[in-house]
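1. I need the structure of the sequence given here:
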Amino acid sequence: MKIGLIGLEKSGKTTVFNALTGSNVQTSAFSSSRPEPNIAVVAVADPRVDRLRDMYHPKKTTYAFIECIDFVGFSSGEERKEIFSASELALVKNADALALVLRNFNDELIDSVTGPPDPLADLNTIVTELVLSDLILAENRLERIEHFIRRGASTPDMEVEKRALVKVRDALGSNALIRSIGLSPEETRQLRGFRFLTEKPLMVIVNSDENRFGQNGGLLATVEETMPAVEFAGRFEMELSGLSEEDAREFMEDMNIEASARDRLTMLAYRVLGYITFFTVGQDEVKAWTIMKGGTAVDAAGAIHSDLARGFIRAECFSYCDLMELGSEKALRDKGLFRLEGKNYLVKDGDIMSIRFSV
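-> Next up is the predicted model:
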């Protein structure tokens, strides 16, 4: 799972990035812009993996992971047409979701230049910039299609693409997100290669200071009218990431923070993206895998390796909860809870699977 952190300059994105990943990237109110994004991979904390490890004693334990990408902050109204550089655009288009970081903290130096924090105005600015970026792409492609049509070089696929792009252009012109457009499956397929930014799942991180944290219910409710949101005390939680688990827990309790920034973003991202987790277990490795909710046994096999999906025969399945309740695979078999499922089986969160295949 790849999550891109984007936002305006001085929104505290890198502070949030450090809090999420335990990194120590330099932050400064007036640091010069870096040429490339910061990238870090963090494990998804899952107590189920820990319990399976303790039960199977594998040689290797592998958690699911999130790749966090901290993109350079941008300013509204920049003369360049794209808010991301060419190298950044390749990364942001490959992100599974975008987290929009909004400044909700006071800083004397930043306030003197940009004014006091206004999260809702910043959200509107960021969304507008994403919409404009997609609109430029859609209009440029429509111009090329019209050129081919005038030359008599149109194809049925091109006609479908044009119809879809007209819908996209009109929606973006009204400042609507592409995710809100009712495109047909055929139209969606024709546009897949564009990887429009407003087609991606979007979420919001409200980056508050210690004095404001936990007192922004109205703000969060307003933001969540359009997209899911979570609140971080960015600077405070960045400092927590450098403490021992015991010390961090004590400070979190003082601030009424129930889970780490990483865990809260993980829960939000799984909800936004519709991901579930299944497991493979054995003496060699216990591993967590993620697929989309509604994915089939073949999708799960493909997440492990394309050969398993191509040569899929059956999936041996049992439930994590049943295993914890009964204590062993033998007890599951005795109770008839060890199942063989076909290619159309819908994987459930917490399934433990072994794929039979032949290639």
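
2. what about the strands in the protein?
-> In the chain, the segments counted as strands under DSSP state E are 2-7, 38-43, 60-62, 65-70, 97-104, 202-208, 229-232, 275-280, 285-292, 312-319, 339-341, 351-357.

3. in the protein, which helix is the longest?
-> Ordering each helix of the chain by length in residues (DSSP state H) puts helix 119-150 first.

4. that helix: which residues count as buried?
-> 119, 122-123, 125-127, 129-135, 137-138, 141-142, 145 (16 or more other Cβ atoms under 10 Å). Where you see a C-beta, it was placed from the backbone N, CA and C, and this is true even at glycine.

5. cool, and stretch 209-220?
-> Neighbour-count burial for stretch 209-220 [16+ other Cβ under 10 Å]: 209, 212-213, 216, 219.

6. likewise stretch 49-61?
-> Neighbour-count burial for stretch 49-61 flags 49, 52-53, 56, 58, 61 (criterion: 16+ other Cβ under 10 Å).

7. just the ones of the residues you listed in helices?
-> Using DSSP H, these in helices are 49, 52-53, 56.

8. from those, which is closest to Y275?
-> V49 (15.1 Å; Cβ to Cβ).

9. how close does that closest one get to E67?
-> Here V49 is placed at a distance of 18 Å from E67 (Cβ to Cβ, to the nearest Å).

10. would you mind confirming that K343 makes contact with D299?
-> No. Contact criterion Cβ atoms under 8 Å: K343 and D299 do not qualify, at 9.4 Å.

11. without its sequence neighbours, what residue ends up closest to K200?
-> L98 (5.5 Å; Cβ to Cβ, 6 or more residues apart in numbering).

12. which pLDDT value belongs to the one you found?
-> You'll see L98 listed with a pLDDT of 95.

13. what's the burial count for it?
-> Neighbour count of L98, defined by other Cβ atoms under 10 Å: 25.

14. distance of it from I126?
-> 9 Å.

15. let me see the contact set for the closest residue to R179 other than its chain neighbours.
-> Computed as Cβ to Cβ, 6+ apart, the closest residue to R179 that is not its neighbour in sequence is E199, at 5.7 Å. For E199, the contact set (Cβ atoms under 8 Å, 6 or more residues apart in numbering) comprises 134, 177-179, 191.

16. isn't R53 right up against V286?
-> Yes. The criterion here is Cβ under 8 Å, and R53 meets it with V286 at 5.1 Å.

17. need the overlap of contacts for the two.
-> Jointly contacting R53 and V286 under the rule Cβ under 8 Å, 6+ apart are T61.

18. domains in the chain, by residue range?
-> 2-45+63-114+199-272, 129-198, 294-357 (automatic domain parsing).

19. show the pLDDT at E129.
-> At E129, pLDDT is 90.

20. and it, how close does it get to E159?
-> Distance from E129 to E159, by Cβ to Cβ: 31 Å.

21. which residues touch F148?
-> 154, 158.

22. distance check, it against L142.
-> Distance from F148 to L142, by Cβ to Cβ: 11 Å.

23. same check on T14?
-> T14 is 37 Å from L142, by Cβ to Cβ.

24. how about stretch 242-253: buried residues?
-> Applying 16+ other Cβ under 10 Å to stretch 242-253 flags 248, 252 as buried.

25. then stretch 92-110?
-> Counting neighbours by 16+ other Cβ under 10 Å, stretch 92-110 gives 92, 95-105, 107, 110 as buried.

26. what is the nearest of the residues you listed to K10?
-> I110 (4.9 Å).

27. can you pull the contacts of the residue lying closest to K293 once chain neighbours are set aside?
-> What sits nearest to K293 in space, not counting adjacent residues and going by Cβ to Cβ, 6+ apart, is G274, at 4.6 Å. G274 is in contact with 292-294, counting by Cβ under 8 Å, 6+ apart.

28. distance of G274 from L219?
-> 26 Å.

29. with L137 instead?
-> On the measure of Cβ to Cβ, L137 and L219 end up 32 Å apart.

30. could you do T62 as well?
-> 38 Å.

31. bridged to K287, which residues?
-> In this entry, K287 is beta-bridged to T62, T280, by DSSP bridges.

32. what is the burial count for it?
-> K287: 19 neighbours (other Cβ under 10 Å).

33. give the contact list for it.
-> Shown in contact with K287 (Cβ under 8 Å, 6+ apart): 60-62, 279-281.

34. Throw these into TSV and include pLDDT and distance to L268, thanks.
-> Compiled in TSV, the contacts of K287 are given as follows (pLDDT from 0 to 100; distance: Cβ to Cβ, whole Å):
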residue	pLDDT	distance to L268
K60	96	29
T61	97	25
T62	96	23
F279	98	22
T280	97	26
V281	97	28
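
35. of these, which pair is most distant in space?
-> K60 and F279 (13.4 Å).

36. spatially, what comes nearest to L202 if we skip its sequence neighbours?
-> In space, L202 is closest to M227, 4.9 Å off (Cβ to Cβ, 6+ apart).
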